[in-house]
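Visitor: Provide a 3D model corresponding to the input given below.
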Amino acid sequence: MENLNEQDVLQDESNFLDAKLQRRSFLQYAGAGAAVVALTAAGCRKDRINTPMTGVTLDFKDDFGVLNYAYALEQLEAAFYIQVASAPPSSFSAAEKAYFQDIQYHEIAHREFFKNALGTAAIGSLSVDFSSIDFTSRTSVLGAAMAFEDLGVGAYNGAGVRLKNTIYLLAAGKIVSVEARHAAYIRDLISNGTFATAPQVSSDKGLDMALTPDVVLGAAGKYIKTKINVINL
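Guide: Next comes the predicted model:
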């Protein structure tokens, strides 16, 4: 497989999910939102005392909160796969190394899609903590990958109902289908034939699980140093 760097990936993915159209819509919304915030701040009493929040804040009052939530998760996944692809476990086969490199490219593309589309409305970069993962161990890496992918699929499924703009919902649907492909591949590497087993997939309804943001962030928090504040959930 050709050894591409991150810049090459971003260039190749420049039209990912019609990013130009998405960004135009996002930035128009963001501009209006910024104006409202500025006017509101100007009208506040000068003697009002507000306690500033540290870290980043996910405000689920509108679509932007949901999109920043997805952006946070994609930052986490991209950071994980970049580290794996840069130094995979020695027991990985050549094919497995190639597949993990591909997944890395997908997650970088997802991360950059949200970052560019959100523009100034995007949260900052998160600091990650992978100290609980042994990147030299095949078992540890695959176990972490399965946890991230299952969590990502459940997160998108659970957040979809919160999106009001159908363009954003379509983009989320395209991304979660890719995440589900990752999840199936990782699960089969661990144990062949487990790509669609309970509790990830309901055997009687044939539906993937859906997780609420509080559950997802609670699980993801183990790997994130940055404090994430959640409001209007």
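Visitor: so Ala85 belongs to a strand, correct?
Guide: No: if the criterion is DSSP: H, G, I helix; E, B strand; the rest coil, then Ala85 is helix and not within a strand.
Visitor: wait, it touches Tyr99, no?
Guide: No: counting by CB atoms under 8 Å, Ala85 does not reach Tyr99; the two are 10.0 Å apart. To be clear about C-beta, it is placed using only N, CA and C from the backbone, and glycine gets the same treatment.
Visitor: quick check: which element contains the residue nearest the centre of the chain?
Guide: Closest to where the C-alpha atoms of the chain average out (CA atoms, centre = their mean) is Glu74, at 2.4 Å. Per DSSP states H and E: Glu74 is located in helix 63-86.
Visitor: how about that helix: buried residues?
Guide: 63-85 (16 or more other CB atoms under 10 Å).
Visitor: so the residue nearest to the centre of the chain sits against Arg111, correct?
Guide: Yes: between Glu74 and Arg111 there is a contact at 4.2 Å, judged by CB under 8 Å.
Visitor: which residues of the protein fall in helices?
Guide: 6-12, 19-42, 63-86, 94-118, 138-159, 166-190, 213-220 (DSSP state H).
Visitor: confidence-wise, which of those is weakest overall?
Guide: Sorting the helices of the chain by mean pLDDT places helix 19-42 lowest, at a mean of 39.
Visitor: looking at the helices of the chain, which is closest to Ser125?
Guide: helix 63-86 (6.7 Å; CB to CB).
Visitor: elements contacting that closest one?
Guide: helix 19-42, strand 56-59, helix 94-118, helix 138-159, helix 166-190, helix 213-220 (3 or more CB pairs under 8 Å, 6 or more residues apart in numbering; DSSP states H and E).
Visitor: redo that, cut-off 10 Å
Guide: When contacts are defined as 3 or more CB pairs under 10 Å, 6 or more residues apart in numbering; DSSP states H and E, helix 63-86 packs onto helix 19-42, strand 56-59, helix 94-118, helix 138-159, helix 166-190, helix 213-220, strand 228-231.
Visitor: quick one, which of those is nearest to Ser131?
Guide: Nearest of the helices and strands packed on helix 63-86 (CB to CB): helix 138-159, 11.6 Å.
Visitor: gap between that closest one and the chain center?
Guide: 11 Å (CA atoms, centre = their mean, to the nearest Å).
Visitor: can I get the helices of the chain in CSV with distance to Leu207?
Guide: Formatted as CSV, these follow (distance: least, CB to CB, whole Å):
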stretch, distance to Leu207
helix 6-12, 32
helix 19-42, 27
helix 63-86, 20
helix 94-118, 23
helix 138-159, 8
helix 166-190, 12
helix 213-220, 17
